[in-house]
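Participant: Predicted model, plus sequence, below.
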Amino acid sequence: MVARRTPRRRVLRFATVLIAACAYVSSGSAQNACEKPIYLTFDTGHMEIAPLVAEVLHRQKVHVTFFAANERTKQGDGSLGDHWAPWWKARAAEGHELASHTWNHTYWRADLGDARNPSFRVRPSAGSREGQSFVLTAAQYCEEVTHAAERLKAITGKQPLPLFRAPGGKTSPQLLASAAACGYAHVGWSPAGFLGDELPSESASNDSLLRKALRDVRSGDILLAHLGIWSRKDPWAPAVLEPLIVGLKERGFCFRTLREHPDYAKPAGR
């Protein structure tokens, strides 16, 4: 019997498919083999540097979690306004995760009421009542958190994570319990994860902030940066962002979103 020859074109096609399959498996294995995860997060800001941040993250193939409020911006009608909507939609399509930072960037100032009827003195830094101190009930505070999440979903078509970050990280047990009751877990940041982009450029240079982060960040840390700080004269991103990502990768760290964080795998209150 004479063996039938397999056409060369078919062999090449099979080899190409096999190589692609192996590459996919290897890539997946590498993703799953993360032994030193860190979680880079961004809060909104004046947004001027947002396009540059997106470029760096895309180039470095890093996914992050964005906490968004409708803050004042240098361009457009607020960070969750129509001007920036395409930017958010593109980030969601790239695989980044989204979560609430309260709608009006509303700072908690004090607890009022009691455990049965909690309320909070707050002070937003955006919106029609910017800079004013007033009282929100627990239900009204939940509306503040939910409003930003719903706006993100409307813009992007992607369901935000059931997480929020209070502006300044300022909370109380009573505030956290009220947020958990309406389905949101609070996310702060690690001590070494404070990347310092809120600090004055005169006392915290980009070089010093980069060195500190590369020295101090540890596996499991949640890192915090912003999409533009009004008071900082020497922008932190992209000057620090890309060398920080590169340096942390060289030290064996891998970047993950909060969807993959063990503490936030389940919705709040469950």
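Facilitator: Thanks, I have it. Residues are numbered from 1 along each chain as shown.

Participant: Assign a three-state SS to residue 228, would you?
Facilitator: Here residue 228 is recorded as coil under DSSP: H, G, I helix; E, B strand; the rest coil.

Participant: Okay, now the unreliable bits of this structure?
Facilitator: For the chain, the stretches with pLDDT under 70 are 1-32, 266-270.

Participant: now the strands for it?
Facilitator: With DSSP state E, the ranges of strands along the chain come out as 37-43, 65-68, 97-100, 106-113, 118-124, 134-137, 163-164, 185-186, 222-226, 254-255.

Participant: Pipe those strands into TSV and attach distance to residue 248 and mean neighbour count per row.
Facilitator: Every C-beta, even on glycine, is put in place using the N, C-alpha and C of the backbone. Output for the strands of the chain, formatted as TSV (distance: least, Cβ to Cβ, whole Å; neighbours: other Cβ atoms under 10 Å):
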stretch	distance to residue 248	mean neighbour count
strand 37-43	7	23
strand 65-68	16	26
strand 97-100	19	24
strand 106-113	30	17
strand 118-124	34	21
strand 134-137	38	16
strand 163-164	23	26
strand 185-186	25	18
strand 222-226	9	23
strand 254-255	8	18
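
Participant: of those strands, which approaches residue 194 most closely?
Facilitator: Minimum separation from residue 194 across those (Cβ to Cβ) falls at strand 222-226, 5.8 Å.

Participant: which outside residues touch the closest one?
Facilitator: Strand 222-226 has contacts (Cβ atoms under 8 Å, 6 or more residues apart in numbering) with 38-45, 187-190, 193-195, 197-198, 213, 217, 236-237, 241, 258, 261.

Participant: next one: stretch 46-62
Facilitator: Against stretch 46-62 from outside (Cβ under 8 Å, 6+ apart): 40, 42, 63-64, 71-76, 79, 84, 87, 90-91, 94, 96, 227-230, 235, 237-238, 241-242, 245-246, 249, 255.

Participant: Next step: these restricted to helices.
Facilitator: Counting by DSSP state H, the contacts of stretch 46-62 place 87, 90, 91, 94, 241, 242, 245, 246, 249 in helices.

Participant: Farthest-apart pair in those, please.
Facilitator: Farthest apart among the ones in helices among the contacts of stretch 46-62 - using Cβ to Cβ - are 87 and 249, which lie 25.1 Å from each other.

Participant: Compare these two (neighbour count), which wins?
Facilitator: residue 87 (17 against 14; other Cβ atoms under 10 Å).

Participant: Restricted to buried residues, select the contacts of strand 222-226 in PyMOL.
Facilitator: Here is the PyMOL command that picks out the buried ones among the contacts of strand 222-226, judged by 16 or more other Cβ atoms under 10 Å:
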select buried, resi 38+39+40+41+42+43+44+45+187+189+190+193+194+195+197+198+213+217+236+237+241+258+261
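
Participant: before we move on, the earlier item: so which of the strands of the chain gets nearest residue 149?
Facilitator: Closest of those to residue 149 is strand 97-100, at 4.4 Å (criterion: Cβ to Cβ).

Participant: Contact partners for residue 134?
Facilitator: Here residue 134 is in contact with 121, 122, 123 (Cβ under 8 Å, 6+ apart).

Participant: Look up which residues are beta-bridged to the last one.
Facilitator: Just to be clear, that refers to residue 123. Following DSSP bridges, residue 123 is listed with bridge partners residue 107.

Participant: Please report the distance of it from residue 49.
Facilitator: As judged by Cβ to Cβ, to the nearest Å, residue 123 and residue 49 stand 26 Å apart.

Participant: List the residues that contact residue 184.
Facilitator: So residue 184 contacts 100, 142, 145, 162, 163, 164, 268 (Cβ under 8 Å, 6+ apart).
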